[in-house]
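Q: let's see this in three dimensions:
(2 chains)
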Amino acid sequence: MVNLKINNIPVTCPEGSTILEAARLAHIEIPTLCFLKNVACVGSCRMCLVEATGARGLVAACVYPVSEGMEVHTNTPKCRKSRKVTLELLLSKHKKKCLSCERAGNCELQRLSVEYNADEDRFEGANPSFPIDDCNPSVVRDNEKCINCMRCVAACKKQHVGAIGPIGRGFNVHIGSAGGMTLAESSCVGCGQCIVACPVGALTIKSDEAKVQAALEDPAKKVVFFTAPSVRATLGEAFGLPVGTNVEGKMVAAIRRLGDCEVFNMDVTADLTIMEEAHELLDRIQNGGTLPMFTSCCPGWVRFIEQHHPDMIPHLSTCKSPQEMFGGLLKSYYCETHGIDPKDLFVVSVIPCTAKKYECARPEMGGEVNAALTTRELAHMIKTAAIKFCDLPDEAFDDPFATCSGGGTIFGATGGVMEAALRVAAKKLDGKFEVVDFPEVRGTSPIKEATYSVGGKRVRVAVASGLENAETVIQAIKSGEKQYDFVEIMACPGGCVNGGGQPSLPDSIRNSVELRDERAKALYTSDKKNTLRRSDESPVMEVLYRDYFGSPNSHKAHEVLHTSYKPNPRV
Amino acid sequence: MKQSEAGCAGCETLGTPEQQAKLHAVIDSSKATPGCLMHILQEAQGIYGYLPMSVQKVIALELGISLSEVYGVVTFYSQFSLTPKGKHRISVCLGTACYVKGSDKILAEIEKELGIKSGECTADGLFSIDTCRCVGACGLAPVMMIGEEVYGRLTPDKVKGILDSYKQEEQNA
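A: Okay, here's the model as predicted:
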């Protein structure tokens, strides 16, 4: 341990800690811009400069290591002046369209500029012009708002995608893809981790709000919404509620107040995915199919496989994701049973994920989901409609897609799909198997492994979240180092609760709260409270299989609920 | 924003079999060394005369790094070129001594004579123009180099004759 003083307050911290880490232990805030815990740490923005004994000049707290007896001062006139000039230089080349910026009020550059009284007009930069890149279905980039902090580049590299990097030199430095490719042509998988990493409004979600609003106002359209498991665990953050608050009832009430629509629960098709996927797994295990089987509900992960490991495509489950299963189910079963022409039904999914927008547009999905709104877009629509979210009553989802099992709910967290599938598969292999909790696959560790023996079969499983960890698992499988039967991958670290479409929280919160754990807790609590834990216990599943699909993996089920993938190699 | 043409950069060829063999030899002999990217890029530019996207892709794949990382390095250093160079590379010095002696006018004259701008290459592949900072011949300012040949004490009216001598040489060959 190392002893030092920060602003005359004694601090003891582990050897090798940075000044920033030590300061956070002592609850002393040092402003940062390019630093983002677990993602980016390069010391380039110079916001965190502090005075430290033994150092020449000011040092960057995010990278400078502590030493015994060191005295650090974080709030001297020299520090404040330096930060103010740094901000003014950043502002000299920043497109200051702050009033209409999506990040207004939630922009880290704006907040710091106010705190340090930075004058946005003090310097005039060279301001080269860069076109807005909105070709990608998930992400929009406006480089004139970019401050070159490189957090997006670090986030993309950490995802083992590396679609973007700094290009050029001096005033011309900008972030983009090689050879002037648009993001749509690059190896971007649409996960949106770059968007949540961005401190300013340079990266935003490609909005579908206008499309949804137009459908709500079109009398010829019947609009149905369905909301993904994790949205209820995060939407409250956009309205100032604590991280991890489950706002399911208010979310349903708010959507109903946007216009004439039905609101369904996507946990239902999460259950349906589990029914199909668990039976597909059993079929592969019992009949010598391709193993390990990979989950396929994450479109970022599917795209990663198609681009980087096309030889592994046969390992992907043929099940559509819950979003696309819902699209298929609504445009077939629901329309047939309710006498609706599928072209008059406008289907809106509310999802935590930017890659889901790309998934809707995949030709093999047949355009069954008309628009995908992220949590952030839904929050914005609720605000535009002047709905007082926190004062809303709790309302229930609409039938016939309201009731779900706890297995469907935990889909939104890493390990959740695996656990839900294990619940069903284990019961199917051994009728007396009653265990529904599989703690080995829970939690936010990057890679989790477990082996279960059920009904005379040994099932070896692995769960990874974050594409960097997915890559590690794939390499271990390819080299023969590891053998698994079933592997769950979610592209975003921590799973959908930490998706690219979730509310943006400033790094001051992200650096102190374990977002993924807190958000996931809301889902596991809901699962625990549910009297139905296994997907096959859900009465909705009973009706769907009795009246429509016959049995899991039936011909009809394959028609509506399954798909195929194809290689799409990119560098 | 318009779709770029770089999306189909993979269609570009990797040059002659000899060039490909040389490129792979350079990569294979250096890829175990940390920080080998700069060296490989310099060698690759020596082999191809510039760094086409197809070559950058091969380097990225072989080193197990992203194309955007390679491209970032290529666009950072002025020594690397993304466009082909001519058989005869013209380099006009814009260093202090040459500049005060009017090398900007020399550059303008060459650009006018060849119909291309600095950084570009003529359609017939004969000439490309670049600028540089000091070739160590300030006493002869203003100076330009064509290939390894230094031309000093230039005036705009001398430019045409010099360029014509290269064109003539090409016709005689």
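
Q: go through the chain and flag its longest helix.
A: Because you didn't say which chain, this covers chain A. Longest helix of chain A, by residue count under DSSP state H: helix A:267-286.

Q: sorry, should have said chain B
A: helix B:156-172.

Q: now that one: mean pLDDT?
A: For helix B:156-172, mean pLDDT is 93.

Q: related to what we said a few turns ago, CA atoms of the longest helix of chain A as PDB?
A: Output in PDB follows, covering the C-alpha atoms of helix A:267-286 (Å, rounded to 0.1, in the frame of the first residue of the first chain):
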ATOM      1  CA  ASP A 267     -40.100 -11.300 -22.600                       C
ATOM      2  CA  VAL A 268     -42.800 -13.400 -24.200                       C
ATOM      3  CA  THR A 269     -40.800 -14.000 -27.300                       C
ATOM      4  CA  ALA A 270     -37.700 -14.400 -25.200                       C
ATOM      5  CA  ASP A 271     -39.600 -17.400 -23.700                       C
ATOM      6  CA  LEU A 272     -40.400 -18.500 -27.300                       C
ATOM      7  CA  THR A 273     -36.700 -18.200 -28.300                       C
ATOM      8  CA  ILE A 274     -35.800 -20.300 -25.300                       C
ATOM      9  CA  MET A 275     -38.400 -23.000 -26.300                       C
ATOM     10  CA  GLU A 276     -37.000 -23.100 -29.800                       C
ATOM     11  CA  GLU A 277     -33.300 -22.800 -28.800                       C
ATOM     12  CA  ALA A 278     -33.400 -25.300 -26.000                       C
ATOM     13  CA  HIS A 279     -35.000 -27.900 -28.200                       C
ATOM     14  CA  GLU A 280     -32.500 -27.100 -31.000                       C
ATOM     15  CA  LEU A 281     -29.700 -27.700 -28.500                       C
ATOM     16  CA  LEU A 282     -31.200 -31.000 -27.400                       C
ATOM     17  CA  ASP A 283     -31.600 -32.000 -31.000                       C
ATOM     18  CA  ARG A 284     -28.000 -31.100 -31.800                       C
ATOM     19  CA  ILE A 285     -26.700 -33.000 -28.700                       C
ATOM     20  CA  GLN A 286     -28.900 -36.100 -29.300                       C
END
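
Q: how about A:Y64: what's its closest non-neighbour residue?
A: A:I19 (5.1 Å; C-beta to C-beta, 6 or more residues apart in numbering or on different chains). In short, each C-beta sits where N, CA and C put it, glycine included.

Q: could you report the separation of the residue most central in space within chain B from B:P52?
A: A centroid search over chain B (C-alpha atoms, centre = their mean) returns B:K85, at 4.6 Å, as the residue closest to the centre. The gap separating B:K85 from B:P52 is 12 Å, by C-beta to C-beta, to the nearest Å.

Q: kindly report the same for B:K158.
A: Distance from B:K158 to B:P52, by C-beta to C-beta: 34 Å.

Q: now swap in A:A421 and tell me
A: Distance from A:A421 to B:P52, by C-beta to C-beta: 47 Å.

Q: chain B: helices as residue ranges?
A: Under DSSP H, chain B gives helices at B:17-30, B:37-48, B:53-63, B:67-76, B:96-100, B:103-114, B:156-172.

Q: most tightly packed of those helices?
A: Neighbour counts (mean count of other C-beta atoms under 10 Å in any protein chain shown) averaged over each of the helices of chain B peak at helix B:67-76, with a mean of 23.

Q: helices and strands around that one, which ones?
A: With contacts defined as 3 or more C-beta pairs under 8 Å, 6 or more residues apart in numbering or on different chains; DSSP states H and E, the packing partners of helix B:67-76 are strand A:165-167, helix B:37-48, helix B:53-63.

Q: close to chain A, is the last one?
A: Going back to what we said before, that points to helix B:53-63. Yes. Applying C-beta under 8 Å from any C-beta of the partner chain, one finds helix B:53-63 touching chain A at B:M53, B:Q56, B:K57, B:A60, B:L61.

Q: that older thread, pLDDT score assigned to the residue nearest to A:Y64?
A: Confidence for A:I19, expressed as pLDDT, is 96.

Q: wait, isn't it in contact with A:I30?
A: Yes. Contact criterion C-beta atoms under 8 Å: A:I19 and A:I30 qualify, at 7.4 Å.

Q: who touches both of the two?
A: Taking C-beta atoms under 8 Å, 6 or more residues apart in numbering or on different chains as the contact rule, A:I19 and A:I30 both touch A:V50, A:A61.

Q: residues of the stretch 51-200 of chain A that sit close to chain B?
A: A:131-135, A:153, A:157, A:161-169, A:176-182, A:184-187.

Q: now a PyMOL select for only the buried ones of those.
A: In PyMOL syntax, the buried subset of these is picked out as below (16 or more other C-beta atoms under 10 Å in any protein chain shown):
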select buried, chain A and resi 133+134+135+153+157+161+162+163+164+165+166+167+176+177+178+179+180+181+182+184+185+186+187
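
Q: can you flag which of the residues of the stretch 51-200 of chain A next to chain B belong to strands?
A: A:G165, A:P166, A:I167, A:G176 (DSSP state E).

Q: could you dump the residues you listed into TSV with pLDDT and distance to A:K566 added?
A: What follows is those, written out as TSV (pLDDT from 0 to 100; distance: C-beta to C-beta, whole Å):
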residue	pLDDT	distance to A:K566
A:G165	96	28
A:P166	96	33
A:I167	96	31
A:G176	96	27
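
Q: between these, which is nearest chain B?
A: A:G165 (3.4 Å; C-beta to the nearest C-beta).

Q: got the contact list for that closest one?
A: Counted by C-beta under 8 Å, 6+ apart, A:G165 has contacts A:V153, A:I175, A:G176, A:S177, A:A178, B:S66, B:S68, B:E69, B:Y71, B:G72.
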